[in-house]
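In: prediction below, plus the sequence it came from.
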Amino acid sequence: MLYYKGNIIWNNFCLAIIGSRDCSQESKDKVLKIVASLPKDIIIISGLARGIDTCAHYSALINKKKTIAVLPCGIETIYPKENKGLSEEILKTGGMLLSEYPNKERATGKTFFLRNRIITGLSSAVLVAHAKIKSGTMNAVGFAKKQEKPIYAIPGSEGTDFLLSNGAQLASNLPLLFKNDNNES
């Protein structure tokens, strides 16, 4: 069962943007630039966590794109608390909060990992912006591979460089997904 708040918006092309909570400003800047370059009807999916997730949602909002935040807790229990305003802005601009947990359920270590399968499952492709080899981000990549999702990566971190050397595509190739496509802006 899935719980949601806001608008059901995953009918268009959805790009999951995932990455480390402890990421570089350079990685955040690259995410903002990539999101700005995508067609206007692309939906950005991420997990509302600190770091890359927060950057992905803000980048979508700044560029007037819809975004979905998949929570590791109930939709009435925003985590982290400092992203409550961001979650409200997502809803105000026609986005959605989504969770498999009842309204006020708290996040646990296990729920963070499990929500990754929903993030990647709803996506058409996955962009890894910054990652360590052993991380929740790489857990999400594992789900994406099982789901046969195309994986893109921004070079420059241990995890993304590993992914690129093992078959992931460069983030700069993302526009190729939209050539001669109805999503083209």
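Out: Done, it's in. Quick caveat, the model's predicted, so the values are computed rather than measured. Residues are numbered from 1 along each chain as shown.
In: ok so residue 28 is a strand residue?
Out: No - Residue 28 is assigned helix when assessed by DSSP: H, G, I helix; E, B strand; the rest coil, not a strand.
In: which residue ranges of this protein form strands?
Out: Here the chain has its strands, by DSSP state E, at 3-6, 14-19, 43-46, 67-70, 96-99, 125-130, 151-153, 169-170.
In: buried ones in stretch 172-180?
Out: 174, 177-178 (16 or more other CB atoms under 10 Å). Heads up, the C-betas are built off the backbone N, CA and C, glycines and all.
In: now do the same contact list for the closest residue to residue 118 other than its chain neighbours.
Out: Spatial nearest neighbour of residue 118, chain neighbours left out: residue 70 (5.0 Å); criterion: CB to CB, 6 or more residues apart in numbering. Contacts for residue 70 (CB atoms under 8 Å, 6 or more residues apart in numbering) come out as 45-48, 98-99, 115, 118-119, 122.
In: need the buried residues of stretch 172-180 in TSV (columns: distance to residue 81).
Out: Output for these, formatted as TSV (distance: CB to CB, whole Å):
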residue	distance to residue 81
174	32
177	35
178	36
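In: just give me the closest of those residues to residue 27.
Out: residue 174 (15.2 Å; CB to CB).
In: quick check, the closest one in contact with residue 152.
Out: Yes - with contact defined as CB atoms under 8 Å, residue 174 reaches residue 152; the gap is 5.6 Å.
In: which residues are in contact with each of these two?
Out: Taking CB under 8 Å, 6+ apart as the criterion, residue 174 and residue 152 both touch 125, 127.
In: please report how far the residue nearest the centre of the chain lies from residue 90.
Out: The centroid of the chain falls nearest to residue 46 when counting by CA atoms, centre = their mean (2.5 Å). Distance, residue 46 to residue 90, using CB to CB, to the nearest Å: 10 Å.
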